[in-house]
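A.B. asks: Okay, here's the prediction I keep looking at, along with the sequence it came from:
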Protein chains: 2
Amino acid sequence: MTHTLYSPLDMHLHLRDSAMLQTVAPLSAQSFSGGLIMPNLVPPVSTISGVLEYQQRIKEATKNETFEPLMTLFFRSDYTREFLQQASLHVKALKLYPSGITTNSEGGVASMDVEVLRPVLQAMSDLGLVLCVHGETNGFVMDREKEFCNIYEDLASAFPKLKIIMEHITTCESVALLDKYENLYATITLHHLLITLDDVVGGMLKPHLFCKPIAKRYEDKEALLHVALQAHPKVMFGSDSAPHPISKKECCGCAAGVFTSPIALQALAELFDKHNALASLQSFVSNNAQAIYAYTPPFKEVVLVKVPYRVPNSYGDVVPMFADETLAWSIQSVR
Amino acid sequence: MTHTLYSPLDMHLHLRDSAMLQTVAPLSAQSFSGGLIMPNLVPPVSTISGVLEYQQRIKEATKNETFEPLMTLFFRSDYTREFLQQASLHVKALKLYPSGITTNSEGGVASMDVEVLRPVLQAMSDLGLVLCVHGETNGFVMDREKEFCNIYEDLASAFPKLKIIMEHITTCESVALLDKYENLYATITLHHLLITLDDVVGGMLKPHLFCKPIAKRYEDKEALLHVALQAHPKVMFGSDSAPHPISKKECCGCAAGVFTSPIALQALAELFDKHNALASLQSFVSNNAQAIYAYTPPFKEVVLVKVPYRVPNSYGDVVPMFADETLAWSIQSVR
């Protein structure tokens, strides 16, 4: 049994830089046709030259594969309209992080007040730039995304022509917003379709499943699965694949992030197959994103086959999700 | 500024066995006068000879200090009344674990049905043996203790003369039961008075703060603090200090347990002082337990002093809570 995907896209991807970039970028490029590259480097990618240089480093790291890195800028509330106009020639989106909310987000915005953000957001709306948001407050860890929903509603109402992507959503409350505001969209990760907080802290503590936003309750996972499996037109696959070296995961203060790039398509095929939803997978991993971003990716044909795949225990010093476990589907060929 | 405690007791203590026992038992014995020793060794302590031999090993490991190990038996639903009568000469309590709910609990009870447990519980009630319970269901990790409250209510109603200790409570629901049933009591740990789930997974992931039951919400912590700081007569300090070697904490599947024995009194003094509640500390760490267990511990006088104490980064290969941090209070002398 095989299933062919065309030009799969990973619309939320951390490729890091330097040695880590060299390790992980080829792994994404092996199976994906492109991806939306997160800008939270140290320091963040917040200049046009920074974007272009980072894009060039990614292209060099993936030069043996067809892979288009769609670039983003790190959102700052003091960008000028002139700067954004220039930037719009090179980036698809700006990624907004509330300050300090996740890895390398220290330079994020201090206030989510619509009036503070208005000049930049209005310019983005006018220029057709997409706003990608890490939507968490700094409240109690299980409530942060739910509490942010009001802010999503304020943004969506205030800028009805701005496309707003609720990144890596994890709650039923976020899912409900998709049908409430025309201009709200979402990415969903692989891991949030598979795990709950029980998998992270319910048995042994699993640092390699620790991520931000943290995995939530069963009813949240079900809500995410519901829209993913039907490929609701407003949701896209975005792995949020976030590599950290093992020394930053198995330690006294473990960094947030699940590394899934090299196993994402196999695991998605297994999941969608299990739910008799393989017919939706093409839309979830590519077509919806193409429509939302008005983007045509380079051609890539990935043939998946229902043959067991043993996941390596690590890629360099990065431990993937399902390390040393067996998935039901493999990648048979890519061209 | 000093504060003197007499015969402090740790009414929920894991001393393990073999090399770990040699490492941790002297640390408890340095500052505590005694403790209720948990029976979840591998295999569990479930025979009278097992109790006596374990007690002897503890005494040997603590022979330079005044420290009385109060022994417990691992609860099994097939103990006979005759066995329990014999056991009551040597143990204060039986510790009931639902099967598989925490470290080394695989041999615990499969059913919490009152009728299944009735013969043993009625015999315990008649013999004056205390029932200590790890009260969690196998539901969603944040709901497990709350869901267990019904079972506490069933047990308390069915055996009104049986003293039931809700061990290491973590929720406001459990606190509320203290005033609802005359025969329900509780132990409270140090760490559950100090942390919430935010401290475990809200920033970096902190394996050394990972425990079962998992730390809950702010309102839960406040409810625990409320009864601890007033030394509610039905609550006792029980550290649930649970040492694991660093290799079992900073790894891909971290074991549950926070190691607090050697820093517990200093941290409690700091906490109670901060809340102007030092006057309650004697009851919380000793007098309440003496009344509940009808027990008079050996004399020990611990003088605490408000002088900074730098917590070691480890004791052997065990990392304590507050490793490499500074507490506001020290132990000045023990006699």
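C.D. replies: Right, received. Where do you want to start?

A.B. asks: what comes up buried for stretch A:142-152?
C.D. replies: Judged by neighbour count (16 or more other Cβ atoms under 10 Å in any protein chain shown), stretch A:142-152 contains these buried residues: A:142, A:144-146, A:148-149, A:151-152. (Each C-beta comes from the backbone N, C-alpha and C, glycine too.)

A.B. asks: no wait, stretch A:42-58
C.D. replies: If you call a residue buried by 16+ other Cβ under 10 Å, then stretch A:42-58 has these buried ones: A:44-46, A:48, A:50-51, A:54-55, A:57-58.

A.B. asks: Would you pull up how far it lies from the middle of the chain?
C.D. replies: For stretch A:42-58, the distance from its own C-alpha centre to the chain's C-alpha centre is 18 Å (Cα atoms, centre = their mean, to the nearest Å).

A.B. asks: List the contacts of that stretch.
C.D. replies: Contacts of stretch A:42-58 from elsewhere in the structure, counted by Cβ atoms under 8 Å, 6 or more residues apart in numbering or on different chains, are A:15, A:17, A:21, A:25, A:37, A:39, A:41, A:69, A:71-74, A:76, A:83, A:86-87, A:90-91, A:104, A:107.

A.B. asks: run the last query once more with 6 Å
C.D. replies: Stretch A:42-58 is touched from outside by A:15, A:25, A:39, A:69, A:71, A:74, A:76, A:86-87, A:90-91, A:104, A:107, with contacts defined as Cβ atoms under 6 Å, 6 or more residues apart in numbering or on different chains.

A.B. asks: For chain A, which residues are neighbours of chain B?
C.D. replies: Applying Cβ under 6 Å from any Cβ of the partner chain, one finds that chain A approaches chain B through A:141, A:197-198, A:201-202, A:204-205, A:207, A:210, A:214, A:250-254.

A.B. asks: Looking at the residues you listed, which are in strands?
C.D. replies: Using DSSP state E, no member of these falls in strands.

A.B. asks: top strand in chain A by residue count?
C.D. replies: For chain A, the strand reaching the highest residue count under DSSP E is reported as strand A:68-74.

A.B. asks: Adjacent strands (with direction) for it?
C.D. replies: Taking DSSP bridges as the criterion, strand A:68-74 forms sheet pairs with strand A:34-37 (parallel), strand A:93-96 (parallel).

A.B. asks: List the contacts of residue A:186.
C.D. replies: Taking Cβ under 6 Å, 6+ apart as the contact definition, residue A:186 lies against A:166, A:169, A:235.

A.B. asks: Count the residues that sit near residue A:176.
C.D. replies: Other residues near residue A:176 come to 11 when the count uses other Cβ atoms under 10 Å in any protein chain shown.

A.B. asks: Kindly report the same for the one 4 residues further on.
C.D. replies: Counted with other Cβ under 10 Å, the burial measure for residue A:180 works out to 11 neighbours.

A.B. asks: Got phi/psi on it?
C.D. replies: With angles defined as degrees, to the nearest 10, residue A:180 sits at phi -100, psi -30.

A.B. asks: cool, and residue A:236?
C.D. replies: According to degrees, to the nearest 10, the main-chain angles of residue A:236 amount to phi -130, psi 150.

A.B. asks: circling back to that earlier point, now that we have the buried residues of stretch A:42-58, can you turn them into JSON lines and tack on secondary structure and pLDDT?
C.D. replies: Written out in JSON lines, the entries for these read as follows (DSSP: H, G, I helix; E, B strand; the rest coil; pLDDT from 0 to 100):
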{"residue": "A:44", "secondary structure": "coil", "pLDDT": "96"}
{"residue": "A:45", "secondary structure": "coil", "pLDDT": "97"}
{"residue": "A:46", "secondary structure": "coil", "pLDDT": "97"}
{"residue": "A:48", "secondary structure": "helix", "pLDDT": "98"}
{"residue": "A:50", "secondary structure": "helix", "pLDDT": "98"}
{"residue": "A:51", "secondary structure": "helix", "pLDDT": "98"}
{"residue": "A:54", "secondary structure": "helix", "pLDDT": "98"}
{"residue": "A:55", "secondary structure": "helix", "pLDDT": "98"}
{"residue": "A:57", "secondary structure": "helix", "pLDDT": "98"}
{"residue": "A:58", "secondary structure": "helix", "pLDDT": "98"}
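
A.B. asks: circling back: PyMOL command to pick out the buried ones of the contacts of stretch A:42-58?
C.D. replies: If you want just the buried ones from those in PyMOL, going by 16+ other Cβ under 10 Å, the selection is:
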select buried, chain A and resi 15+25+39+69+71+74+87+91+104+107
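
A.B. asks: Just the closest of the buried residues of stretch A:42-58 to residue B:156, please.
C.D. replies: Within the buried residues of stretch A:42-58, distances to residue B:156 taken as Cβ to Cβ reach their minimum at residue A:44, with 56.2 Å.

A.B. asks: quick one: that closest one from residue A:205, how far?
C.D. replies: Taking Cβ to Cβ, to the nearest Å as the measure, residue A:44 and residue A:205 are separated by 30 Å.

A.B. asks: swap in residue A:75?
C.D. replies: Between residue A:75 and residue A:205 the distance, using Cβ to Cβ, works out to 33 Å.

A.B. asks: Residue A:186 now?
C.D. replies: 28 Å.

A.B. asks: Surely residue A:204 touches residue B:252?
C.D. replies: No: under the contact definition of Cβ atoms under 6 Å, residue A:204 does not touch residue B:252, with a separation of 8.6 Å.

A.B. asks: Just the local confidence number for residue A:107, please.
C.D. replies: According to the per-residue confidence, residue A:107 scores 87 in pLDDT.

A.B. asks: State the three-state secondary structure for it.
C.D. replies: coil (DSSP: H, G, I helix; E, B strand; the rest coil).

A.B. asks: nearest spatial neighbour of residue A:277, skipping sequence neighbours?
C.D. replies: residue A:229 (4.1 Å; Cβ to Cβ, 6 or more residues apart in numbering or on different chains).

A.B. asks: The one you found and residue A:278 touch, don't they?
C.D. replies: No: because the distance of 9.8 Å does not satisfy Cβ under 6 Å, residue A:229 is recorded as not touching residue A:278.

A.B. asks: Just name the most buried of the strands paired with strand A:68-74.
C.D. replies: Highest mean neighbour count of the strands paired with strand A:68-74: strand A:34-37, a mean of 27 (counted as mean count of other Cβ atoms under 10 Å in any protein chain shown).

A.B. asks: if you average pLDDT over that one, what comes out?
C.D. replies: Strand A:34-37 shows a mean pLDDT of 98.

A.B. asks: can you check stretch A:231-247 too?
C.D. replies: Stretch A:231-247 shows a mean pLDDT of 98.

A.B. asks: CA atoms only: put it into PDB for me.
C.D. replies: Once side chains and other backbone atoms are set aside, the C-alpha atoms of stretch A:231-247 remain, and they are given as PDB (Å, rounded to 0.1, in the frame of the first residue of the first chain):
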ATOM      1  CA  ALA A 231      -8.100  19.000   6.400                       C
ATOM      2  CA  HIS A 232     -10.200  21.900   7.400                       C
ATOM      3  CA  PRO A 233      -9.200  24.500   4.800                       C
ATOM      4  CA  LYS A 234      -7.900  26.900   7.500                       C
ATOM      5  CA  VAL A 235      -5.400  24.500   9.000                       C
ATOM      6  CA  MET A 236      -1.900  23.600   7.700                       C
ATOM      7  CA  PHE A 237       0.700  21.300   8.900                       C
ATOM      8  CA  GLY A 238       3.600  23.100  10.700                       C
ATOM      9  CA  SER A 239       5.900  20.700  12.500                       C
ATOM     10  CA  ASP A 240       7.300  23.300  14.900                       C
ATOM     11  CA  SER A 241      10.200  20.800  14.700                       C
ATOM     12  CA  ALA A 242      12.600  22.300  17.200                       C
ATOM     13  CA  PRO A 243      16.000  20.600  17.500                       C
ATOM     14  CA  HIS A 244      18.100  20.900  20.700                       C
ATOM     15  CA  PRO A 245      21.300  18.900  21.400                       C
ATOM     16  CA  ILE A 246      20.700  16.100  23.800                       C
ATOM     17  CA  SER A 247      22.700  18.000  26.400                       C
END
